[in-house]
Structure formats: C-alpha cells, structure tokens
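Enquirer: sequence plus the predicted model coming up.
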Amino acid sequence: MIPNTLKDIANYIVADGKGILAADESTGTIEKRFKSIGVESTEDNRRKYREMLFRAPAMSEAIGGVILFDETIKQVSTDGKPLREIILEKGSLPGIKVDQGLIDFKTVNGEKLTQGLEGLDDRCREYASLGAKFTKWRAVINIDEHIPTQDCIDANMNALAKYASVAQKNGMVPIVEPEVIMDGSHSIDRCYEVTQVSLTSLFSHLSAEGIDIEGTLLKPNMVISGTTNENQASVNEVAEKTLKCLLATVPNELPGIVFLSGGQSDIDATAHLDCMNKIGGNPWKLSFSYGRALQQAALKAWNGEDSNLENAQNAFNHRALMNMKAAQGNWDEKLEAK
C-alpha cells in the first residue's frame, strides 16, 4: 500500500534498512558518465540504462525511493509502461529533483547559490500529479581559505526552507541536501565546523518556515577529510565525528538521515554508514541516498550493451544489498568478496 501522509512517506523510504537510489543526474552529468564507458548519451540509452536499474531485483529489497530527473519521471519503458510505475511495482517510491542548479553567489570566490524557487509551485504540482511522493533540493557549500561565508550558508539554507515549504504544501516530502563539498585540502575538523554551522542554519530556517520535520528527510555529507588532505581520517573517526555533529544539530523528530556519497569510493561509503549504525543509539534512521556509489559498478558492467543487462543488474543488486546491510549495521568487508 502506497503511503500518503508526509510522515508515512518519509518513514516508508527509510524502513528496514532501505535507502534511496539517486538517479537524478542532469543530462550533462549523465553524458559525462556515459562518455566514461564510450556510450553516446541519447534519450533511448538513458532510458535503457535507468530501466535496467529500476527492474533490478534488489529494488524490492533495498530501495525505498528513487530520485528522478525531469526527463526520467516522464519516460516510458520498452513495453509502454512509465518508468515511475516500474518503480512503484518494485515497492519503491518515485521522487523528483526540483532545484535548477547553481549560480555564483554575489562574488566569484567559489561560493554558489542554488536556484529554482521561481515556478517551483507549478513544477511541484505537475510532479505530484505524475505520482512523485518526495522531492530533493541540493545546496552546495564549498570550503577554501576564506569560504564559506555565513551569508552564503544562510542564503542557501533559506532557499532550502522555502523549497521545503512548497514541497510539503503539494503533499510531497522534501529531502533537504546541504552538501559540504569534500574536494579540497581541508581537515576533517574544518569539515566538522562548516557542516555544524550549515546544519544549525538549516534547521533554524526550517523552523522559521514552519516545516513539518516529521515529514522531512535530511541528505547531508559525512564529516570527512578533504580529498587532498594528507591526513585521511579513519572509518571510525568519520563515523564518530559525523554522529557528534548530527546529534548537536538535528532534531530528534526527523525520521531519517540519508547520506550522500559525495565522491567517496563504493566501499568507503558503505563502511562509513555501517560504522555509524554499529555505534547506534541514534534517534533517527541512518541510511543512504547514493548515486555513483550505487551505480558505478553497474554502469561499467552494462557498457551500453543489451547483452550485459543481467551482469549490470547483478552489480547494482550487490551494492544495493551491501548498503542495506550497512544501514542495519550488519555489513562486513568480507561480504564484498562473495
């Protein structure tokens, strides 16, 4: 039975170790992914690839929701069935990315502001009529010597709150994604500081906007070392500092936190999630909303060939089930060899 209230939808998505497949890559992003395997990014190839994922057996067991792009929520499969209906038949819920990308914030110092509030109500009304049960909006916070500024953080969190209000008024759960980017030489402590400031601002703005937190999901970054920092934090340190930051900033009534992978390797994204759930004692479900960390192995296995569809689905199934185990605190690296 498909849940209908905001609270029920949010809880359904993260029930029993399930998480989210982020399949909302823009046309430009998916073109880069396809180029990496030498496949042309045509509408038919994009449909074929995503249909392969949505028909995979692990969708029923491990995936509670799928974030779609505008093109994908309107696409129809080879047998004439809308892709969103295939997702529903697997017991998963279709969702939709509603932001419209990034613009420079005030100055050209590397700070960005997400756009998309103009016309958002009309877009949300359309997506709700197509069966979308949840939405997603991503804010980007870059770290460098002099950034982020508080002004940029607050502007992005204000936009996230305005978006969340529109989504909820249209009967859809908002996923709020304040991503502190891991690219850079910053330390894990600097990431902690920026993440804490960002989440504090976010929940202050959500409260001011009257957002129903029980009908909301948070998609944050993990607290992690910058990609080029010489001192890469251990799995335990990432888990402990991420939990400490979340416990200091996130209301208990939030149903779930679905982490982004943010460029981590497949195994790192799974190991960090598992470690947090093994520590346990948290008021919210801790799960995943992964794009590359769920899809990369399947994309390589598919390689644009129909004859590889089963192998690609097997690769996706494996990653989805590994992350479900991590969301339950039951993953072990030995399982990766099976």
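Expert: All right, it came through fine.

Enquirer: what distance separates the start and the end of stretch 128-141?
Expert: Terminal residues of stretch 128-141 are spaced 29 Å apart (Cα to Cα, to the nearest Å).

Enquirer: any idea of the mean pLDDT for that stretch?
Expert: In this model, stretch 128-141 has an average pLDDT of 98.

Enquirer: could I get the buried residue list for that stretch?
Expert: Using 16 or more other Cβ atoms under 10 Å as the burial criterion, the residues of stretch 128-141 that qualify are Ala128, Gly131, Ala132, Lys133, Phe134, Thr135, Lys136, Trp137, Arg138, Ala139, Val140, Ile141. In short, each C-beta sits where N, CA and C put it, glycine included.

Enquirer: now the last one: phi and psi?
Expert: Translated: Ile141. Main-chain dihedrals, Ile141, degrees, to the nearest 10: phi -120, psi 110.

Enquirer: cool, and the third one?
Expert: For Ala132, the backbone dihedrals are phi -70, psi 130 (criterion: degrees, to the nearest 10).

Enquirer: mind listing what's buried along stretch 271-288?
Expert: Neighbour counts over stretch 271-288 (16+ other Cβ under 10 Å) mark Ala271, His272, Leu273, Asp274, Cys275, Met276, Asn277, Trp284, Lys285, Leu286, Ser287, Phe288 as buried.

Enquirer: now Pro174, what's its secondary structure?
Expert: Under DSSP: H, G, I helix; E, B strand; the rest coil, the three-state class of Pro174 is strand.

Enquirer: hmm, I typed the wrong one, I wanted Ile9.
Expert: Under the three-state scheme (three-state DSSP), the conformation of Ile9 reads as helix.

Enquirer: wait, it sits on Thr135?
Expert: No. The pair Ile9 / Thr135 is not scored as a contact, 10.8 Å apart, by Cβ atoms under 8 Å.

Enquirer: overlap in contacts, the two.
Expert: Listed as contacting both Ile9 and Thr135 by Cβ atoms under 8 Å, 6 or more residues apart in numbering are Met172, Val173.

Enquirer: show the contacting residues for Tyr127.
Expert: Taking Cβ under 8 Å, 6+ apart, we find Tyr127 in contact with Ile73, Ile96, Val98, Thr135, Asn170, Met172.

Enquirer: for it, grab phi and psi.
Expert: Backbone torsions of Tyr127, given as degrees, to the nearest 10, read phi -70, psi -40.

Enquirer: any figure for the gap between it and Lys74?
Expert: According to Cβ to Cβ, to the nearest Å, Tyr127 and Lys74 sit 10 Å apart.

Enquirer: which stretches in the stretch 101-250 of the chain count as strands?
Expert: 102-104, 112-114, 134-141, 173-180, 217-218 (DSSP state E, counting those that start in this stretch).

Enquirer: between those strands, which one is nearest to Gln328?
Expert: Closest of the strands of the stretch 101-250 of the chain to Gln328 is strand 217-218, at 17.8 Å (criterion: Cβ to Cβ).

Enquirer: each with direction, which strands does the closest one pair with?
Expert: strand 173-180 (parallel), strand 256-259 (parallel) (DSSP bridges).

Enquirer: any idea which of those strands is most buried?
Expert: Comparing the strands paired with strand 217-218 by mean neighbour count (mean count of other Cβ atoms under 10 Å), strand 173-180 ranks first with a mean of 27.

Enquirer: average pLDDT for that one?
Expert: For strand 173-180, mean pLDDT is 98.

Enquirer: and stretch 57-73, by the same measure?
Expert: Mean pLDDT, computed over stretch 57-73, is 98.

Enquirer: what does stretch 221-228 give?
Expert: Averaging pLDDT along stretch 221-228 gives 98.
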